[in-house]
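Novice: what follows is a predicted structure for the sequence shown.
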Amino acid sequence: MRIAYFDCPSGAAGDMVLGALVDAGAPLDALRRELQKLPLEGWELVAREVRKGTFRATKVDVEIDHRTHPRHRTLGDVLAIVERSALGATVRETAARIFTRLADAEARAHGATRDEVHFHDIGAVDAIVDVTGAIIGLELLGVQAVHASALPLGGGFVDGPHGKIPVPAPGTAELLRGFPVVDTGVQAELVTPTGAAILTTLAASAGRMPSMTVSAVGYGAGTRDLPGAPNVLRCFIGDTAEVARGDETVLQVETTIDDMSPQLYEPLVERLFEAGALDVFLQSVVMKRGRPGVVVTSLCAPERIDDLTRALFEETSTIGVRWSEWRRSRLAREIVTLTTAYGAIAFKVSRLGDRVVTVTPEFADVARIAREKTLPVREVLDQARADGRRLLHD
């Protein structure tokens, strides 16, 4: 699998992500051609080589005539621009997901709805180009999965449309919920809302670099110069090791809770499965001050992390969700219906190569037959297992 790993020691912004992808080999001309499919005029994508400290990097800028473009748009305005474009369906859908997460984050921060939020700089042409350009750049490089390092929070204050605001900005802080962050002591805005939205939406995992064979490294330059550190974002492009058939990557998503009614765990488990969980389980733990708590653990495919994280934030009292990447091997399996001594029963059958390893009757069928025939469930289960193995091996 071709993957991209974004190493962000100095933070992340939309132009830095785009610059790193161009520097890693995304063809600039092809990127421009794709971006011209946006129904926006009066702008130009410019790339140049710059120095940041001792590093050579690529600086990408969107040069526009601000007199012809509004800087304040709603989510509906931005989504309409994306939808009217001639971009591919995957690019449009991913861009819509990123901007919707931005709107939700701003809405939570300001006590509004996503439709009431007015994007300021985020709704400007350069932000729209940065987001769609990042998605296109990943496609041009053949990237199938994105990973990222922890993001530095920054500190201090910046001037916003409504006066001074603390760093990270409220919308950025909301986007970083559940994402690993570090404090590097730098008093500046290191992660912009656009940068946070791109990486936290696209990243299948965050933290250490996955095992990969690196084929390209790109450096994207930020605008300002930081004291004592080069303001660059580094992107590694490469391929993961080839794995055996049946091996896959899953994410283990967890949160620990000590202040929630036990009645709420049943609907939570149902919601997690609806959101794409492969498995869900609960563990009792003892937390600080001797409080009993529950660890909620679920497994999911990397592309479902946003759905599971949202479910946990909405259905529980947690204020943080953690996840980690795991490799797993699983047997090939199928569902077959077999005629047993008690009638038709569905079986889950798993195989190792051509050999049948497990034959498991669906418990709902077993319980139904036991009720109908007024037999002990255990008796029906044992007979069904024996019949299933005999029929499959015959």
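Specialist: Thanks, I have it. Numbers count the residues shown, from 1 in each chain.

Novice: low pLDDT regions in the stretch 201-350 of the chain?
Specialist: By pLDDT under 70, the low-scoring segments of the stretch 201-350 of the chain are 241-246.

Novice: can you pull out the helices in it?
Specialist: For the stretch 201-350 of the chain, applying DSSP state H, counting those that start in this stretch gives helices covering 265-274, 305-315.

Novice: out of these, which is closest to residue 34?
Specialist: Of all the helices of the stretch 201-350 of the chain, the one in closest proximity to residue 34, counting by CB to CB, is helix 305-315 (24.5 Å). C-beta coordinates here come from the backbone N, C-alpha and C atoms, glycine included.

Novice: distance check, residue 89 against residue 198.
Specialist: 19 Å (CB to CB, to the nearest Å).

Novice: got it, and residue 223?
Specialist: Per CB to CB, residue 223 is found 16 Å from residue 198.

Novice: the more surrounded of those two?
Specialist: Legend: neighbour count by other CB atoms under 10 Å for residue 223 and residue 198, higher for residue 198 (32 against 11).

Novice: got phi/psi on residue 13?
Specialist: Main-chain torsions, residue 13, degrees, to the nearest 10: phi -140, psi 160.

Novice: residues in contact with it?
Specialist: 130, 191-192, 194-195, 222-223, 233 (CB atoms under 8 Å, 6 or more residues apart in numbering).

Novice: so for it, what's the pLDDT?
Specialist: For residue 13, the pLDDT comes out at 95.

Novice: got it, and residue 387?
Specialist: Confidence for residue 387, expressed as pLDDT, is 90.

Novice: sec struct for it, please.
Specialist: Put simply, residue 387 is helix when judged by DSSP: H, G, I helix; E, B strand; the rest coil.

Novice: the closest residue to it other than its chain neighbours bridge partners, please.
Specialist: Of all residues beyond its chain neighbours, the one nearest residue 387 is residue 340 (3.8 Å), with distances taken as CB to CB, 6 or more residues apart in numbering. Residue 340 forms beta bridges with residue 343, as assigned by DSSP bridges.

Novice: contacts only, for residue 340.
Specialist: Residue 340 touches 383-384, 387-388, 391, counting by CB under 8 Å, 6+ apart.

Novice: swap in 10 Å and give it another go.
Specialist: By CB atoms under 10 Å, 6 or more residues apart in numbering, the contact list for residue 340 reads 347, 361, 365-366, 369, 380, 383-388, 390-391.

Novice: restricted to strands, list those.
Specialist: Among the contacts of residue 340, DSSP state E puts 347, 361 in strands.

Novice: quick one: buried ones out of the contacts of residue 340?
Specialist: 347, 361, 365-366, 369, 380, 383-385, 387-388 (16 or more other CB atoms under 10 Å).

Novice: domains of the protein?
Specialist: What automatic domain parsing lists as the domains of the chain is 2-239, 247-329, 332-393.

Novice: element containing residue 107, please.
Specialist: According to DSSP states H and E, residue 107 maps onto helix 89-110.

Novice: swap in residue 185?
Specialist: Using DSSP H and E, residue 185 is not contained in any helix or strand.

Novice: looks like it contacts residue 226 (just checking).
Specialist: No - under the criterion of CB atoms under 10 Å, residue 185 makes no contact with residue 226, lying 11.1 Å away.

Novice: what is in contact with those two at once?
Specialist: Common contacts of residue 185 and residue 226, defined by CB under 10 Å, 6+ apart, comprise residue 154.
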